[in-house]
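Colleague: Here is a sequence with its predicted model. Questions after.
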There are 4 protein chains.
Amino acid sequence: MTIDFTIPDEVAEQQDRIRRFIAEQVIPLEERVIGRSVDDALTAELRRRGRASGVWAPQLSAELGGGGFDLLSSSILLEEAGYSLLGPLALNCAAPDEGNLHLLDTVATPEQRTRFLEPLARGDVRSCFAMTEPPPGAGSDPSALRTQARPDGNEWVINGEKWLITGADGAGFAIVMARTGEHATMFLVDADNPGMVVGEHAHTIDASMPGGHCRVTFTECRVSVDDVLGEVHQGFRYAQVRLAPARLTHCMRWLGAARRAHDIAVRHAVRREAFGSRLADLGMAQQLIADNEIDLHASRLLLWQACWAIVQGSRGGQESSLAKVAISEAVNRVVDRAVQLAGGMGTSEETILGRIYADVRAFRIYDGASEVHRMSLAKRVARRATA
Amino acid sequence: MTIDFTIPDEVAEQQDRIRRFIAEQVIPLEERVIGRSVDDALTAELRRRGRASGVWAPQLSAELGGGGFDLLSSSILLEEAGYSLLGPLALNCAAPDEGNLHLLDTVATPEQRTRFLEPLARGDVRSCFAMTEPPPGAGSDPSALRTQARPDGNEWVINGEKWLITGADGAGFAIVMARTGEHATMFLVDADNPGMVVGEHAHTIDASMPGGHCRVTFTECRVSVDDVLGEVHQGFRYAQVRLAPARLTHCMRWLGAARRAHDIAVRHAVRREAFGSRLADLGMAQQLIADNEIDLHASRLLLWQACWAIVQGSRGGQESSLAKVAISEAVNRVVDRAVQLAGGMGTSEETILGRIYADVRAFRIYDGASEVHRMSLAKRVARRATA
Amino acid sequence: MTIDFTIPDEVAEQQDRIRRFIAEQVIPLEERVIGRSVDDALTAELRRRGRASGVWAPQLSAELGGGGFDLLSSSILLEEAGYSLLGPLALNCAAPDEGNLHLLDTVATPEQRTRFLEPLARGDVRSCFAMTEPPPGAGSDPSALRTQARPDGNEWVINGEKWLITGADGAGFAIVMARTGEHATMFLVDADNPGMVVGEHAHTIDASMPGGHCRVTFTECRVSVDDVLGEVHQGFRYAQVRLAPARLTHCMRWLGAARRAHDIAVRHAVRREAFGSRLADLGMAQQLIADNEIDLHASRLLLWQACWAIVQGSRGGQESSLAKVAISEAVNRVVDRAVQLAGGMGTSEETILGRIYADVRAFRIYDGASEVHRMSLAKRVARRATA
Amino acid sequence: MTIDFTIPDEVAEQQDRIRRFIAEQVIPLEERVIGRSVDDALTAELRRRGRASGVWAPQLSAELGGGGFDLLSSSILLEEAGYSLLGPLALNCAAPDEGNLHLLDTVATPEQRTRFLEPLARGDVRSCFAMTEPPPGAGSDPSALRTQARPDGNEWVINGEKWLITGADGAGFAIVMARTGEHATMFLVDADNPGMVVGEHAHTIDASMPGGHCRVTFTECRVSVDDVLGEVHQGFRYAQVRLAPARLTHCMRWLGAARRAHDIAVRHAVRREAFGSRLADLGMAQQLIADNEIDLHASRLLLWQACWAIVQGSRGGQESSLAKVAISEAVNRVVDRAVQLAGGMGTSEETILGRIYADVRAFRIYDGASEVHRMSLAKRVARRATA
């Protein structure tokens, strides 16, 4: 055991397979989403290709049909998937399904595995994770949760309102977080439950999430006690079970997208002439390029180290917080520089750059805003210093 | 004559009139563009309201029906107009018409004034400015211009391709820049000229420009010698005539938009509770707020000073370069911080923030990318130091 | 009354006189402080030259022998003085004397004017301002003041400890801030008062302040009731009287020093060859140069506007807070870029750059740390938004 | 072989030994350099302690009396040494000796090993590396080398001028880089060679380097052909042999110093009260603390990866360039934030912070300025993109 940065052969081979798959089978489909959202037909086509190419769900266990790679190896493979914004859909490692798969795999009952986990693992349905609430409900501060569930015989009855629920429109089921007294509990709610209504989409600037970001209302929504996910009152703990790795898989995918943006911009810069020189040879362009290299490289190392810590058995809260804030800000910088380098067409979807720019902004906000992670990091440091 | 920051009474009064107009008559119409582009009906309604409210075209001479304010006073009034992304349309001070109005007012012949300038000043038509070309043509480097015009008897014949031409779709006419030998010349081309074809729109992330950003093709496009704008071979000079103030009116409008974003975010921050405190009272939020105040204040002063220099008779190249690069970057930072402060809904059009975020990015690229202005600034400094 | 950036003729003339004085009579003396502090002999020589050259104390009233310029005009003249780190000493507009002169001129009794203000105005003595205390006393938070003064017959008796008191060693007198019950009071204490002992100097990285930054101890230090500065219990108010303009005069002087650093670096860049090109023609060097131009220009405008607001009768708290935080950070950036541009010798005192770099760092901390000003700015914004 | 971040036991044990050594035997000596340079007596005492404590020269081979750790393990141990600015002296892993030891160990003849390498390894003498020249000689651009060596029988005769030669004053010998025709050659020159004169020290703001940064003049300086280091004409290659790891050992030591600065600032922040709260609990302070954690953690990973690449046999140019620019800028940011957090005393040597702040600035310039490394990084990227 020693410090080592060698990518194991089997991971490198799968990385190569995914790289070719993305280049040959996914990127050619990107023109279908220029100026448009991802529709169900495209999602289905992407998943058909993914399943047929030996690249399906690297992060999922083999028994569920996935690649069976651990979080650290997945960090390499999901970065590769993220090289196209459509890649994670094709590999069934996109948010929010990927986080839900992980959570279900960890805490679902055998019956819940059959009803919810397995169809999701096969890519037959999509899912959503209904936690965020409109003000004054739970944003980054989970203690503000206002959606309530009360027991009623063999059932629980949920009332409340969620918003910005990614993928809700068209999802087969939702994992719903609700307050149960002093605690919180998670529930599995089928899409056809009449007590759950998916409302209007927020018009956010990102456009690559099938099912949008929706308002979801629960009105006397009744679910069986068998639809409690894991144990009653353990909702906050499960949210952490889901969040620490989910944060990191976001980092993986966005790192791939940022690398894509950089590559596009560099290709532009070596071809374009300006002021009697190749753009790539102008000092300010070189600075943009070099800073992108630095940000991408440092982000990858932070990601690997955080995944390694979790795989080693650390709860990984600090590492994943640190990696999330650093990487989300770095990828935003990388994409912004790529846009700048590409000039006139840098903000257009035709070059993909504009799409990545629009899609990546919210990553500094969701799964813990930068400010929240910084606060939490600083508190740990202060605690250590006073210990 | 001394250093003074007093806004003259008549400007302050007009500023107040515009502020109320925007608040009462424009902002309520914004919901019509959530998730949508601006259409002609909305533009017409906005302009009807603008003409009826005594706020029309502050920057335009009184004889053309405008407010007759100079560039410095206009900087205050157009900032106010920019407080809504729809405001400049309503006041007929939006790009690219505003720059075209200025250019036409400076160099058009009496006959051209009647045919092109007056309808544009009344807001009866829109226009576009066809200079930018696809690679390897003219991006930020005007010497790379490839569209050509050749004389043929009483006519000029234009051939070439432009792209990212803002507002081309639906414009009544175009001002077209074409190479004439060693020089460049500007031409006025009617929308119904069969030699000019407006092609596909680029899918850029901004959405508030009526007429989009289009490819425009010129194939044996014939115009009369009377349609030369100003003098033959003076195109590059006229481009500067247009650009120095046009850059600054962009700064004015975007400064208003950035202030709007800041105000929205601050209103959010004083209402939202997080971690047992008002969001606005948390240190990291205070930092975002304070940095926005600083950026907005400094931007306004840079803008005023650059306008003042031009009004004083300086050609204003250095001041407008410096103001453009500083303000375009500052307003991007301000809007980015506002998005961050607003959290979950910060990237949505419902809060307007997402729309401003998407719309403002390209401002660091067009009318001279930041890098081009920095290069030009540094060259002046080096020249001064070697003199 | 309108927005105007014209420097009045009489100010421009005095600016020119100071510029020549600094270039011809002050900069040649700088070699005497390379690797050394400023000693009393040098201070005396500088002041002799200053008094003889018609440039003495621009900010001071004519009746006290100064130039009689208001704060706004002074902003131009003190920037010019600051072009050499020795300039403000030569012109008697250096901290802390300049702030003490202002405070005394505002609140001193006729007898105090004769004993303290007049010798200080003539430059016969130096002074210090004893407010800051070691933890847990008053740093940026004045409410933590622990030095006490109690009345005793016709006297006050001061006990407490101050530190980082700039210029204390060798000062003719101190203005001392002490708690008097719920309030604070300022006292004038002669250097020969046996109850006041000037202790060791802090080894800070700056080196241009005569008299260093000292610990000062008050042990049963008795002063007459006539030595109360202004009124009893008005200490906090007077601290503001002193601070708002003192902050801005710091900005003026440091802006001059930053401009000097920039000029030195640019002269280096136009002479030095690197990689087959003049350093000044390399893109990354151009970026450093352009960013310095932007920072210097914006800083000057922020400074002028804040001074104007105070001259107009605003208490100027917001403007001076904003200007202080923005300018202190901008000048630090400018100097840092200049050091980088100058390369190998950039951190040496021989080029003056190293000296300015070391001297300017603390400016982001004293007279209100950046964080304190940001907090105060954000609070005003939040108050406005809730009003 | 897989990605792993485990510090091997024997490295962790040595790290712990060094940590205790620094805390118990080095830090207590720091008060001897407050406001003073390091003198020879202190250096001798530090080295006596280092040799006696089993921590001597981790990076040096066992046969030379060192710890025999490879570059990757050394990165952990030299970071620990750097926790005090005096630590690397005590462990004989300070610049420039450490780089010279490495170079000599790689290319010296047996006789040179006895005369130069072994005394240096024992810490009996100091050495210097004479490459940098005053303008228009070699700064960051080695092709500008102007010092010449000509063969003359059994000797070489060196003429030229160097400056900013760290440690020259008091060094036992110098490694001198000189032009030999189209190439460059390195020579070993004894301090008592009458042709080599150590001149004045530059007054740089750093103060922890024994022997200063000196001008060194070579006038008909004769050395034997046996004093050619390695082979004739291989000077540029050897400079790379020395530089790639030397750059990284700088990163190691400065990373330790930056961590020290951070720790000092955090200890201050958890003790100091401000505005009714512990400083460490204020949001803006938390931001400074969290950003430092991120920068330190990312720097360490970049450093480890670059060292690993070199140990694996990569020439490591790209990795060490990238790590150098990223880490040198990160440690400067960390120290700057620590100074800010510490407030009033942050710029003083008493808190060590001021000393670290002054000492670390030049690290963004020497061993390749940030701009040079960025240019080189961007060129590699562009080459890859055109391949």
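Modeller: Cool, got the structure.

Colleague: Now residue A:349. Its backbone dihedrals?
Modeller: As for residue A:349, its main-chain torsions (degrees, to the nearest 10) stand at phi -70, psi -20.

Colleague: Might you report the residue contacts of it?
Modeller: Contacts of residue A:349 were listed using Cβ atoms under 8 Å, 6 or more residues apart in numbering or on different chains, and they are A:33, A:34, A:35, A:355, B:203, B:204, B:205. For the C-beta atoms, the positions are set from N, CA and C on the backbone; glycine is no exception.

Colleague: I'd like those as JSON lines, with neighbour count appended.
Modeller: Shown next, in JSON lines, are the contacts of residue A:349 (neighbours: other Cβ atoms under 10 Å in any protein chain shown):
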{"residue": "A:33", "neighbour count": "19"}
{"residue": "A:34", "neighbour count": "15"}
{"residue": "A:35", "neighbour count": "13"}
{"residue": "A:355", "neighbour count": "25"}
{"residue": "B:203", "neighbour count": "19"}
{"residue": "B:204", "neighbour count": "26"}
{"residue": "B:205", "neighbour count": "23"}
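
Colleague: So which of these are in helices?
Modeller: If you go by DSSP state H, those have residue A:355 in helices.

Colleague: Pull the most distant pair out of the contacts of residue A:349.
Modeller: Greatest spacing in the contacts of residue A:349, by Cβ to Cβ: A:33 and B:204 (15.0 Å).

Colleague: Provide a list of residues in contact with residue A:154.
Modeller: A:224, A:225.

Colleague: State the distance from it to chain D.
Modeller: According to Cβ to the nearest Cβ, to the nearest Å, residue A:154 stands 47 Å off from chain D.

Colleague: how near is that residue to chain C?
Modeller: Distance, residue A:154 to chain C, by Cβ to the nearest Cβ: 49 Å.

Colleague: all strands for chain A, in order.
Modeller: Secondary structure of chain A, counting by DSSP state E: strands at A:127-130, A:148-152, A:155-166, A:173-180, A:183-190, A:196-201, A:213-224, A:273-274, A:277-278.

Colleague: weakest of those by average pLDDT?
Modeller: Among the strands of chain A, strand A:273-274 has the lowest mean pLDDT, at a mean of 82.

Colleague: related to what we said a few turns ago, would you reformat the strands of chain A as TSV and include mean neighbour count and distance to residue A:241?
Modeller: TSV is the format used below for these (neighbours: other Cβ atoms under 10 Å in any protein chain shown; distance: least, Cβ to Cβ, whole Å):
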stretch	mean neighbour count	distance to residue A:241
strand A:127-130	28	12
strand A:148-152	16	19
strand A:155-166	22	19
strand A:173-180	25	12
strand A:183-190	22	10
strand A:196-201	17	23
strand A:213-224	19	20
strand A:273-274	18	51
strand A:277-278	14	50
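
Colleague: Adding distance to residue B:91, write these out as CSV.
Modeller: Converted to CSV, the strands of chain A look like this (distance: least, Cβ to Cβ, whole Å):
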stretch, distance to residue B:91
strand A:127-130, 43
strand A:148-152, 49
strand A:155-166, 35
strand A:173-180, 46
strand A:183-190, 50
strand A:196-201, 32
strand A:213-224, 34
strand A:273-274, 36
strand A:277-278, 42
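
Colleague: Got phi/psi on the residue of chain A most remote from its centre?
Modeller: For chain A, the largest distance from the centre (Cα atoms, centre = their mean) belongs to residue A:276, which lies 42.9 Å off. Here is the backbone geometry of residue A:276 (degrees, to the nearest 10): phi 70, psi 20.

Colleague: partners of the helix or strand of chain A with the lowest mean pLDDT, with directions?
Modeller: Using mean pLDDT, DSSP states H and E, strand A:273-274 stands out as the lowest-scoring helix or strand of chain A, at a mean of 82. Using DSSP bridges, strand A:273-274 pairs in its sheet with strand A:277-278 (antiparallel).

Colleague: Have a look at chain A and report its longest helix.
Modeller: Chain A, longest helix under DSSP H: helix A:235-271.

Colleague: what number of residues lie near residue A:63?
Modeller: Neighbour count of residue A:63, defined by other Cβ atoms under 10 Å in any protein chain shown: 9.

Colleague: Look up how far chain B lies from it.
Modeller: Distance, residue A:63 to chain B, using Cβ to the nearest Cβ: 36 Å.

Colleague: what about that residue, distance to residue A:118?
Modeller: Counting by Cβ to Cβ, to the nearest Å, the gap from residue A:63 to residue A:118 is 10 Å.

Colleague: Check residue A:223 too.
Modeller: From residue A:223 to residue A:118 the distance is 19 Å (Cβ to Cβ).

Colleague: now residue A:111
Modeller: Taken as Cβ to Cβ, the spacing of residue A:111 relative to residue A:118 amounts to 11 Å.

Colleague: again, but for residue A:153
Modeller: Distance from residue A:153 to residue A:118, by Cβ to Cβ: 29 Å.

Colleague: Residue A:304 too?
Modeller: 31 Å.

Colleague: The two - which one has more neighbours?
Modeller: The residue with more neighbours, out of residue A:304 and residue A:118, is residue A:304; 23 against 15, by other Cβ under 10 Å.

Colleague: Contact partners for the more buried one?
Modeller: A:5, A:72, A:75, D:3, D:5 are the contacts of residue A:304 under Cβ under 8 Å, 6+ apart.

Colleague: export the residues you listed to CSV and tack on distance to chain C and neighbour count?
Modeller: Formatted as CSV, the contacts of residue A:304 follow (distance: Cβ to the nearest Cβ, whole Å; neighbours: other Cβ atoms under 10 Å in any protein chain shown):
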residue, distance to chain C, neighbour count
A:5, 30, 21
A:72, 37, 24
A:75, 33, 29
D:3, 34, 21
D:5, 33, 21
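
Colleague: So which of those belong to helices?
Modeller: Those of the contacts of residue A:304 mapping onto helices are A:72, A:75, per DSSP H.

Colleague: closest to residue A:51 among the contacts of residue A:304?
Modeller: Nearest member of the contacts of residue A:304 to residue A:51, counting by Cβ to Cβ, is residue A:75, at 22.4 Å.

Colleague: what's around the closest residue to residue A:25 other than its chain neighbours, how many residues?
Modeller: Among residues not flanking residue A:25 along the chain, residue A:49 sits closest, at 4.8 Å (Cβ to Cβ, 6 or more residues apart in numbering or on different chains). Residue A:49: 17 surrounding residues under other Cβ under 10 Å.

Colleague: where does the stretch 151-300 of chain A come near chain D, residue by residue?
Modeller: With Cβ under 8 Å from any Cβ of the partner chain as the criterion, the stretch 151-300 of chain A meets chain D at residues A:263, A:266-267, A:269-270, A:278, A:280-281, A:283, A:285-287, A:289-291, A:293-294, A:297-298.

Colleague: What count of nearby residues applies to the closest residue to chain C within the stretch 51-200 of chain A?
Modeller: Closest residue of the stretch 51-200 of chain A to chain C, Cβ to the nearest Cβ: residue A:135 (15.9 Å). Residue A:135: 18 surrounding residues under other Cβ under 10 Å.

Colleague: Okay, the residue farthest from the centre of chain A and residue B:144: tell me how far apart.
Modeller: Taking Cβ to Cβ as the measure, residue A:276 and residue B:144 are separated by 10 Å.

Colleague: Quick check: chain neighbours aside, which residue is closest to residue A:6?
Modeller: residue D:1 (4.2 Å).

Colleague: which residues touch residue A:163?
Modeller: By Cβ under 8 Å, 6+ apart, the contact list for residue A:163 reads A:132, A:133, A:134, A:202, A:213, A:214, A:215, A:216, B:344.

Colleague: Quick check: closest non-adjacent residue to the first one.
Modeller: Nearest residue to residue A:132, sequence neighbours excluded (Cβ to Cβ, 6+ apart): residue A:164, at 5.0 Å.

Colleague: which residues touch that neighbour?
Modeller: A:132, A:202, A:204, A:213, A:214, B:344, B:345.
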